[in-house]
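Chemist: I need the structure of the sequence given here:
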Amino acid sequence: MTTLKLGVMAPLPHGPEEELKRVHEFGLPTCQVVCWKPELFTDEMAERLVAASKRYEVEVTTIWTGYPGPAVWNFIEGPSTIGLVPPEYRAERVAALKKGADFAAKVGAPSITTHVGFIPESPSNPLYTGVLEALHEVINHCKALGIGFWFETGQETPVTLLRVIEDLNYEKVGVNLDPANLLLYGKANPVDALDVFGQYVRGVHAKDGEYPTNGRNLGVEKPLGAGRVNFPVLIPKLKSLGYTGALTIEREISGPQQVKDIQHAIGLLSALV
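Modeler: Down below sits the predicted model:
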């Protein structure tokens, strides 16, 4: 039976040495390195991250690559600010993602991951065509570097995400399943969503949350086990689909409570993996 590795998010701006030491102190063998500041994707930072990875014996499973410009995490301003969907930010964000891909290749990470945004459900929408063109540019760059591109779930419906992957038609394009995001954005039950795009899952965020309760704001993120994500069903289903990657714990708060919630999540997931 496959045993999945656990991991946790590691913000690059906090310093790779400190963050990978933290991962090690949690007793975890993997992490996703996250960075919204493209200016940090330097040769020096790559060397520091590789050294910290070796020192603390922590595998970097992806570089979660953010981008410049506004990003408003709600249903009103979100569609016009997040990802590659808004045309006015597209060029600089394509450049940022390509820079993140260069960094991923330097540190030996197998992929970059990002939010592409509120991808239109209708393929005849001009924004859909523009997003695909931008994705082709980014993914061709990743392909030349020998790395993959993973879509973080959230703003798009599972069927839309599946169509985009099919329309792109690249080998190393996959999904970073954030089951909580599917709930927070009201897009799908994450267990059911695997019936749509499960074969493409390459990474997983172990995060929990609730559905939205109004039409303007996302649902509420919760400590793992306190939301609607049914991890005792989700994890075996991932395994049945052939998933062998990591479960990367994400808790989007800070301070001592975040540490406690991560430790609690480790306990819950260790009994399931």
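Chemist: report the central residue of the chain.
Modeler: residue 152 (4.1 Å; Cα atoms, centre = their mean).
Chemist: so what pLDDT did residue 2 get?
Modeler: As predicted, residue 2 sits at a pLDDT of 76.
Chemist: could you say which helix or strand holds it?
Modeler: Using DSSP states H and E, residue 2 sits in no helix or strand.
Chemist: over to residue 127?
Modeler: Going by DSSP H and E, residue 127 is in helix 126-145.
Chemist: contacts for that helix next, please.
Modeler: Helix 126-145 is touched from outside by 83-85, 87, 90, 93-94, 97-98, 101-102, 104-105, 111-112, 116-117, 119-120, 122, 148-149, 164, 167-168, 170, 172-173, with contacts defined as Cβ atoms under 8 Å, 6 or more residues apart in numbering. For glycine as for every other residue, the C-beta is placed from the backbone atoms N, C-alpha and C.
Chemist: equivalent analysis for stretch 78-92, please.
Modeler: Here stretch 78-92 makes contact (Cβ under 8 Å, 6+ apart) with 67-73, 93-94, 114-120, 127, 130-131, 134-135, 155.
Chemist: that one: end-to-end distance?
Modeler: Taking Cα to Cα, to the nearest Å, stretch 78-92 runs 18 Å from one end to the other.
Chemist: which of the residues in it are buried?
Modeler: 78, 79, 81, 82, 83, 84, 85, 86, 89, 90 (16 or more other Cβ atoms under 10 Å).
Chemist: hang on, the earlier thing: in its sheet, what does the next helix or strand after the helix holding residue 127 sit against?
Modeler: With elements assigned by DSSP H and E, the helix or strand that comes after helix 126-145 is strand 148-152. Paired neighbours of strand 148-152 in the sheet (DSSP bridges): strand 111-114 (parallel), strand 173-177 (parallel).
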